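J.: please work out how this folds:
(chains A and B)
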Amino acid sequence: MPNSTFLKFIGPSLLAMILFIALPIVSVVVQSLHVEHEQILVEVENCVPLAGCTTVTQVDNAATQALRDEQPLGRFVGLSTYLDRNHLAADAVSLAWRASDGIGDFLGRVMNLPFYKALAFTLAYTAVVTPLCLLLGLVIALGVNALPKVLKGPTIFVTLLPMIVTPLIGALVLYWMLDSRGILGTALVNLTGDPDLSLRASGTLTWLTLFAYGIWHSAPMAFIVFYAGLQSVPEETMEAAVLDGASRFERVRYVVVPHLMPLVVFVTLIQLMDNFRVLEPVVAFNSQAVATSLSFAVYNDLRGGDVPLFGSAAATSLLTIIGIGILVTPVAIRSWRDFKRRHGH
Amino acid sequence: MASRAMRRSGAATTISILFLVIWLIAAAFPFLWTLWGSFKVQADFFSLADWKNALTGRFTEAQTGSPFTLDGYEGAWVQEEFWRNALNTLIVVVCVVAISLTFGTLGGYALARSGKRYAFVLLMVALLFRAMPHITLVSGYLLPFFEWGIWGALPTTIIVLVAINQPFTLWMLHSFFLNIPKDLDESAMVDGCTRFGAFRRVIVPVMWPGVITTGLFSFLLAYNDFAVTAVLLSQQNQTMVPRIAAFLGSTQNEGNVMFAVASVVSATVPLFLLVLFFQRQIVSGLTAGAVKG
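T.: Predicted coordinates for the structure are as follows:
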């Protein structure tokens, strides 16, 4: 296909991606180097009859608004947003390092800083949910594969639901059940015999339920991909393994899993991308006090206050993008090699 | 019925089936429970005293005279005008799917037929774009959109969702077009068609299975989105998902959490029907992307 024809065909799609994916990243970089103008203060003499005059400092709303309208980006501050208390918190971290006695104490102090708190949960969520959803997906796929044909359709239907349903809705449905007055919340209290056990009170419980939501939501995707892979497991290898006396577990371990390996890499890549951006469950569980994510920090900067904090949101965004880059690169390289090998270059 | 599976190995199969049953309960029960509870009053949906109230509807009967009530639905759809949000969702979803597929089929076709190195590079860049968390992109849009005065409008959100959707659409349609034999359109070009003519006369008639599958995923992305719609739409243009989130902020205090429950159930129904009718396409779509690479 000649280059000009290619360009005509790909044009609309490419333009959309450049305008609304590539340029926004540039915009994020620029915004992160700026910060909103401070309020302009004026000294006003306030005279009350008989009491005399006092000078008070007031916000000059008109002038502040005019300045903000004129330069919506704010003033240039370089990298200082990145280093402030709400982001990398360079000062607070070095202070914590000097003040702490031991690595545990240091980490404990750092975890109180907003950015590190969000980073810790985001990483923990990604690290727990990704492997467990792969495992759960594989086990469900093996189970469904062994079912008689009539049962497969309905089973797949039900299995797809947690993935298809809107993440915010899925998280809300679970949250309502886990509420201290919901069916699961009450059951939990009865089981443990601890009447004070509730999502609101327990940080650990919140983390665990958010992980559970993540696995519940992501496992169907892994299931579908593995289930398709299972349909092409080489018959001869399987029969040979049976003849050699391999147990069911050994057959899975030495025949099925190696066959599914390229799919495992693919699902891992997609799951890392999706889990690292976790946002909806934090919103639905209203859990930002104990469990918050990087995406939620950006969302909160943009929507939480009266005025959007563009600089702060942009800095967190860029740090998130760097994070996802570090996380995904090894898997991406691996799948790229697979891709090249399969296409015989 | 399960005799063939049973014969293979007894204990392992039993465990596997038991596990599957537990999973199916975990996957379906939350939705059934919420559906049932949406016809109750709040005192039953969140029953502090006895969880069985949610089943029997004790307070619902006391308050409304019947164990089932449509109060939640009435409050959400009529009083809070949730239908406006449903209408906005319909507009956004239809437009996003239509535009995404138009852009995506053209682009995917070009990527599948190019054979040049830059086509491969472009696919890799698309994968990189796929990795971008949506909220980080949104934080890039917000200030310029405010400045240009296009914040809050439905078309802005539609085009943003189309763009965010493109990487995935391109990947899927690209791998789909790779499976349509090259000879088909090339012989049409030998017969005197231009590239676009060949695409329109030969490829378009046979591309529908792939387009439908890809369209389903575009639908899901637009329908399920929270990050983009919650930040980029003004209040009167809100779609269903951000509106549900807004319900929680405002109405939970007023004791009208049942509005949120009713709207959650309402918003789930179309998805439920989607899986019911298009299960095979969804499964084949997810696997096509992975297995064929």
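
J.: quick one: low-confidence parts of chain A?
T.: By pLDDT under 70, the low-scoring segments of chain A are A:342-345.

J.: same question for the stretch 1-150 of chain B.
T.: In the predicted model, the stretch 1-150 of chain B carries pLDDT under 70 at residues B:1-9.

J.: and the residue of it nearest chain A?
T.: Minimum separation of the stretch 1-150 of chain B from chain A (Cβ to the nearest Cβ) falls at B:Gly140, amounting to 2.9 Å. C-beta coordinates here come from the backbone N, C-alpha and C atoms, glycine included.

J.: need the contact list for the residue of chain A found nearest chain B.
T.: Sorted by distance to chain B under Cβ to the nearest Cβ, the residues of chain A start with A:Pro24, at 2.9 Å. Going by Cβ atoms under 8 Å, 6 or more residues apart in numbering or on different chains, A:Pro24 touches B:Leu137, B:Val138, B:Gly140, B:Tyr141.

J.: which of the three states applies to the nearest residue to B:Ser16 once chain neighbours are set aside?
T.: Using Cβ to Cβ, 6 or more residues apart in numbering or on different chains and skipping residues adjacent in sequence, the residue nearest B:Ser16 is A:Gly143, 4.5 Å away. Three-state call for A:Gly143 (DSSP: H, G, I helix; E, B strand; the rest coil): helix.

J.: A:Glu43 now?
T.: Strictly by three-state DSSP, A:Glu43 counts as strand.

J.: go ahead and confirm it touches A:Thr57.
T.: Yes - with contact defined as Cβ atoms under 8 Å, A:Glu43 counts as touching A:Thr57 (5.7 Å).

J.: and A:Arg98, how many residues sit next to it?
T.: When neighbours are counted by other Cβ atoms under 10 Å in any protein chain shown, A:Arg98 registers 8.

J.: hang on, the earlier thing: out of everything not next to it in sequence, what's closest to the residue of chain A closest to chain B?
T.: That would be B:Gly140: by Cβ to Cβ, 6+ apart, it lies 2.9 Å from A:Pro24.

J.: would you confirm that A:Gln58 belongs to a strand?
T.: Yes - with three-state DSSP as the criterion, A:Gln58 is part of a strand.

J.: pretty sure it sits against A:Leu41.
T.: Yes - here A:Gln58 reaches A:Leu41: they are 6.9 Å apart, a contact under Cβ under 8 Å.

J.: shaky segments in the stretch 151-293 of chain B?
T.: For the stretch 151-293 of chain B, the stretches with pLDDT under 70 are B:249-255, B:286-293.

J.: please repeat the previous calculation with a cut-off of 90.
T.: B:152, B:172, B:175-176, B:178-210, B:213, B:235-236, B:245-260, B:275, B:278-293 (pLDDT under 90).

J.: show me where it has helices.
T.: Ranges of helices in the stretch 151-293 of chain B, per DSSP state H, counting those that start in this stretch, are B:154-178, B:182-190, B:195-198, B:204-206, B:208-224, B:227-232, B:240-251, B:257-291.

J.: re earlier: inside strands: which ones of the contacts of A:Pro24?
T.: Assigned to strands by DSSP state E, none of the contacts of A:Pro24 qualify.

J.: right, and out of those, which lies closest to A:Gln31?
T.: B:Gly140 (7.2 Å; Cβ to Cβ).

J.: so that closest one sits against A:Ser32, correct?
T.: No - assessed by Cβ under 8 Å, B:Gly140 is found out of contact with A:Ser32, at 9.9 Å.

J.: need the overlap of contacts for the two.
T.: If you check B:Gly140 and A:Ser32 against Cβ under 8 Å, 6+ apart, the residues they both contact are A:Ala314, A:Ser317.

J.: near A:Gln65, how many other residues are there?
T.: 13.

J.: how much space between it and A:His37?
T.: 10 Å (Cβ to Cβ, to the nearest Å).

J.: could you do B:Ala49 as well?
T.: Distance of B:Ala49 to A:His37, given as Cβ to Cβ: 55 Å.

J.: who's more crowded, these two?
T.: Of the pair B:Ala49 and A:His37, A:His37 is the one with more neighbours under other Cβ under 10 Å, namely 16 against 11.

J.: quick check, the more buried one in a strand?
T.: No - looking at A:His37 with three-state DSSP, it is coil, so not inside a strand.

J.: assign a three-state SS to A:His53, would you?
T.: Residue A:53: Cys, not His. Reduced to three states by three-state DSSP, A:Cys53 is strand.

J.: that one and A:Glu43 touch, don't they?
T.: No - between A:Cys53 and A:Glu43 no contact is recorded; they are 11.8 Å apart, counting by Cβ under 8 Å.

J.: stretch A:222-235 close to chain B?
T.: Yes - among the residues of stretch A:222-235, A:Ile224, A:Val225, A:Tyr227, A:Ala228, A:Gly229, A:Ser232 lie within reach of chain B under Cβ under 8 Å from any Cβ of the partner chain.

J.: for that stretch, buried residues please.
T.: For stretch A:222-235, burial by neighbour count (16 or more other Cβ atoms under 10 Å in any protein chain shown) applies to A:Ala222, A:Phe223, A:Ile224, A:Val225, A:Phe226, A:Tyr227, A:Ala228, A:Gly229, A:Leu230.

J.: show me what the helix or strand hosting A:Tyr116 is packed against.
T.: Counting by DSSP states H and E, the element that carries A:Tyr116 is helix A:114-145. Based on contacts counted as 3 or more Cβ pairs under 8 Å, 6 or more residues apart in numbering or on different chains; DSSP states H and E, the elements that helix A:114-145 packs against are helix A:149-164, helix A:203-230, helix A:257-276, helix A:294-303, helix A:310-342, helix B:10-37.

J.: nearest spatial neighbour of the most centrally placed residue in chain B, chain-adjacent residues omitted?
T.: Central residue of chain B (Cα atoms, centre = their mean): B:Leu220, 1.7 Å from the mean position. Of all residues not flanking B:Leu220 in the chain, A:Ile164 sits nearest, at 6.6 Å (Cβ to Cβ, 6+ apart).

J.: likewise for A:Asp274?
T.: Using Cβ to Cβ, 6+ apart, the nearest residue to A:Asp274 is A:Ser218, at 7.0 Å.

J.: OK, contacts around the closest residue to A:Val129 other than its chain neighbours?
T.: Among residues not flanking A:Val129 along the chain, A:Gly214 sits closest, at 3.7 Å (Cβ to Cβ, 6+ apart). By Cβ under 8 Å, 6+ apart, A:Gly214 lies in contact with A:Tyr125, A:Val128, A:Val129, A:Cys133, A:Asn275, A:Val278, A:Pro281.

J.: tell me the domain boundaries of chain A?
T.: For chain A, automatic domain parsing gives the domain ranges A:78-112, A:115-342.

J.: deepest of these, which one?
T.: Ranked by mean neighbour count under mean count of other Cβ atoms under 10 Å in any protein chain shown, the domains of chain A are led by domain A:115-342, which reaches a mean of 19.

J.: enumerate every residue touching the residue nearest to the centre of chain B.
T.: Contacts here follow Cβ under 8 Å, 6+ apart; on that basis B:Leu220 touches A:Ile164, B:Leu271, B:Leu274.
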